[in-house]
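> Below: sequence and its predicted model.
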Amino acid sequence: MSMSAERAAVVTGPGPEGGDETRVPGRWSAVGRQMLRTRRVVLGIGLIAGLAAVSWIGPLVSPWEFGDRDFAAFLQPPSPDHWFGTDNTGRDIFTITMVGMQKSLIIGLLAAVITTVLAAIVGSFAGYFLGATDKVLMWITDLALVLPSFLILAILYPALRGQGWLIFVLLLAAFAWMVTAKMVRGMTISLKEREYVLAARYMGVPAWKIIFRHIIPNMSSLLIVDATINVSSAIIAETSLSYFGFGVQAPDVSLGSLIALGARQAVTHPWTFVFCTGLLVILVLAVNLVGDGLRDALDPQSKSRRI
Amino acid sequence: MFLARRLLNYVVLIFLASSFAYLLAATTLDPRSNYEQLDPRPSQESIEARLDELNLNDSTPLAERYVTWVGGVATGDFGLTIQGRSVNEEIARKAGVTLRLIVVGTVIGCTVGVAIGAYAAVRQYRSFDRVSTGAAFLVLAIPTVVIAVSLQVSAVAINQAAGVQIFQYGGEYTAGLDAGFWGTLGDRLQHMVLPTLTLAIAQFAAFSRYQRNMMLDVLGADFVRTAMAKGLTRRAALLKHALRTALIPTVTYFTFTFGILLAGTTFTEKIYGWNGMGAWVVDSIFTNDVHAVAAVSCFMAVCVMAASFLSDLLYAWLDPRVRVS
């Protein structure tokens, strides 16, 4: 994290006097410029923005409302009337796919943010205090890694039936933070010996303040990259669980539940399967492009990073 | 001594994880509703008696049920399924199916992935590297569920186009087939192709990508140059020195991805209609079968720990410094 250390010494943003002194590039503007210089990141962000725009504008433009059923057209192929065709109950596939994609996007982003915050807190506390705190926290982490998270989520499903998808997001995040937390811990152990952390400690700044003000901000490039990767894992996890009915519940739809519906008739009625699957793959691909590009742009040690 | 402590730690983790799964399943699943929804509805006494017999009665305190369950598990008995069959017998039947899928899929996927990743690193920016990296990147964006379903759908389409059953995509073997030893073996292999391929493709993507990055780090290192300078051929230097070193982080990576692999196995089994542990747990959750869910959780915890142990052993084999200390 040499890059972050340099940045930490630099004054962020324009100085209080403003005006004549040379502007030192602040952390965020520098990060922003790095991002824009990487073609993959721009392409990925563009794709995500495009998909998000389509998924929110699409249902408004489409002649069919979510929940509308066209009783004159069951399982019809794409036509000017139904752009992506219709499904078994006469729902317009374009509209439900767009609504499903909204849900998948929101779930992915929310779950990733919560996961990363949780991982940053657990990892940095364990790494900063070491000793008993570290032992307990890392032991919990190891325990959580023993059972595959999909299994726990699937077992919990009967309890969440009818609780809405927000609870589902929280649980998705609650069982996905472990690997990131381990990385954060390793990084914290090396950061806590830095001069600025030691200086803060000798000035009597309380430990939690040091962690939130000095240690976590200095890992932000790692955290941003990991948050991006977590978005794609959350979308994939959500899709898989919804496919088996353990995730998003009807009447809500997500790309996973649509794929489950389409898979059964993919050969005879391909339009019920191809569009939602294709959009899902493009979405995850775009998120991965951003994550990959960001890692190259932000993390000078990316290649030697061990999970 | 070190290994013994590791093993003890594993046993404790497996025990805690299974207990956690049991308690979770016992609180969220509702076996009582299975009997109450029967038509005609059995008498209250017979429902209670049946639930008591299975140790699933929710009017018994959870702690008491848990103690009974742990007592059984300690003597190697995982209790009864909701249909009253022995969980142990079911495990014996299903564990082999799952293990076969995992082992074959992982071995093929990891070996091919590592080999392609390492070769791509050696040929960095050539066409082989570009194609394999692109393929891995694309596959990483596709959830295992979608890979499995897509393969199945393409198999159906190909079968229809060819007019012959080239690919089998349902079940583990053809029921009631009588074709002698070789015929049965061939039939099983034919059924195995697609599910194994599904797992192998997913593994290949993750491993080739990771291995390529690790290999690139090592290729420029001094010890590889030294190995070539002392007269080893490029091939020997790359295989014995570069690949061996680059495999060490990949072995650790294997432990972390194993949970995802288990999830992938579950989905694959369910989609291809294999009667393995994964398909069983999905069905058990829908039929409120607490003991089956707990048993599969225990099985998965054992698998994760076995994978972790295996990677410890591989690590020690690859890195002499670990063996000395």
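In hand now; what should we look at? What you are looking at is a predicted structure, and each value in this text was computed from that prediction instead of being measured. Numbering: from 1, shown residues only, chains lettered A, B, ... in the order given.
> contacts and neighbour counts: CA atoms only from here.
OK.
> Point out where the stretch 1-150 of chain A drops to low pLDDT.
A:1-28, A:30-31, A:34 (pLDDT under 70).
> run the last query once more with 90
A:1-42, A:57-96, A:99-100, A:103, A:130, A:139, A:142-150 (pLDDT under 90).
> Residue in it with the shortest distance to chain B?
Here the stretch 1-150 of chain A gets closest to chain B at one residue, A:Pro148, 4.9 Å apart by C-alpha to the nearest C-alpha.
> burial measure for that residue, as a count.
For A:Pro148, the neighbour count with other C-alpha atoms under 10 Å in any protein chain shown is 22.
> what comes up buried for the one helix or strand A:Trp208 maps to?
Secondary structure assignment for A:Trp208, by DSSP states H and E: helix A:207-210. By 16 or more other C-alpha atoms under 10 Å in any protein chain shown, the buried positions in helix A:207-210 come out as A:Ile210.
> Show me what secondary structure element comes after it.
The helix or strand immediately downstream of helix A:207-210 is helix A:220-243, counting by DSSP H and E.
> Do that following helix and chain B come into contact?
Yes: using C-alpha under 8 Å from any C-alpha of the partner chain, helix A:220-243 reaches chain B at A:Ser232, A:Ile236, A:Thr239, A:Ser240, A:Tyr243.
> Not counting its own residues, what contacts whichever helix or strand comes after that helix?
Toward the C-terminus, helix A:220-243 is succeeded by helix A:255-263 as the next helix or strand (DSSP H and E). With C-alpha atoms under 8 Å, 6 or more residues apart in numbering or on different chains as the contact definition, helix A:255-263 has outside contacts at A:97, A:100-101, A:103-104, A:238-245, A:248, A:270-273, A:276-277, A:280, B:149, B:153.
> Report the secondary structure state of the closest residue to the residue of the stretch 1-150 of chain A closest to chain B other than its chain neighbours.
Sequence neighbours aside, B:Gly259 is the residue nearest to A:Pro148 in space, at 4.9 Å (criterion: C-alpha to C-alpha, 6 or more residues apart in numbering or on different chains). Taking DSSP: H, G, I helix; E, B strand; the rest coil as the rule, one finds B:Gly259 in the helix state.
> Might one say that B:Gly259 is in contact with B:Val302?
No: using C-alpha atoms under 8 Å, B:Gly259 is not in contact with B:Val302, being 11.4 Å away.
> Start from the N-terminal end of the chain and give the helices.
Answering for chain A, as no chain was given. In chain A, the segments counted as helices under DSSP state H are A:2-9, A:27-37, A:39-61, A:93-129, A:131-146, A:149-160, A:165-174, A:178-191, A:195-202, A:207-210, A:220-243, A:255-263, A:271-298.
> nope, chain B
Using DSSP H, helices in chain B cover B:2-28, B:31-36, B:44-54, B:62-74, B:87-122, B:127-140, B:144-162, B:180-219, B:222-229, B:234-236, B:244-272, B:277-286, B:290-318, B:320-324.
> and those as JSON lines, adding mean pLDDT and mean neighbour count?
Converted to JSON lines, the helices of chain B look like this (pLDDT from 0 to 100; neighbours: other C-alpha atoms under 10 Å in any protein chain shown):
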{"stretch": "helix B:2-28", "mean pLDDT": "87", "mean neighbour count": "17"}
{"stretch": "helix B:31-36", "mean pLDDT": "80", "mean neighbour count": "15"}
{"stretch": "helix B:44-54", "mean pLDDT": "81", "mean neighbour count": "15"}
{"stretch": "helix B:62-74", "mean pLDDT": "86", "mean neighbour count": "14"}
{"stretch": "helix B:87-122", "mean pLDDT": "91", "mean neighbour count": "20"}
{"stretch": "helix B:127-140", "mean pLDDT": "91", "mean neighbour count": "17"}
{"stretch": "helix B:144-162", "mean pLDDT": "87", "mean neighbour count": "19"}
{"stretch": "helix B:180-219", "mean pLDDT": "87", "mean neighbour count": "21"}
{"stretch": "helix B:222-229", "mean pLDDT": "86", "mean neighbour count": "15"}
{"stretch": "helix B:234-236", "mean pLDDT": "85", "mean neighbour count": "13"}
{"stretch": "helix B:244-272", "mean pLDDT": "87", "mean neighbour count": "21"}
{"stretch": "helix B:277-286", "mean pLDDT": "89", "mean neighbour count": "22"}
{"stretch": "helix B:290-318", "mean pLDDT": "89", "mean neighbour count": "21"}
{"stretch": "helix B:320-324", "mean pLDDT": "70", "mean neighbour count": "10"}
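> JSON lines please, covering the ones you listed and showing distance to A:Met187.
Output for the helices of chain B, formatted as JSON lines (distance: least, C-alpha to C-alpha, whole Å):
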{"stretch": "helix B:2-28", "distance to A:Met187": "25"}
{"stretch": "helix B:31-36", "distance to A:Met187": "47"}
{"stretch": "helix B:44-54", "distance to A:Met187": "50"}
{"stretch": "helix B:62-74", "distance to A:Met187": "40"}
{"stretch": "helix B:87-122", "distance to A:Met187": "27"}
{"stretch": "helix B:127-140", "distance to A:Met187": "27"}
{"stretch": "helix B:144-162", "distance to A:Met187": "32"}
{"stretch": "helix B:180-219", "distance to A:Met187": "20"}
{"stretch": "helix B:222-229", "distance to A:Met187": "26"}
{"stretch": "helix B:234-236", "distance to A:Met187": "36"}
{"stretch": "helix B:244-272", "distance to A:Met187": "17"}
{"stretch": "helix B:277-286", "distance to A:Met187": "36"}
{"stretch": "helix B:290-318", "distance to A:Met187": "23"}
{"stretch": "helix B:320-324", "distance to A:Met187": "23"}
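> Many thanks, have a good one.
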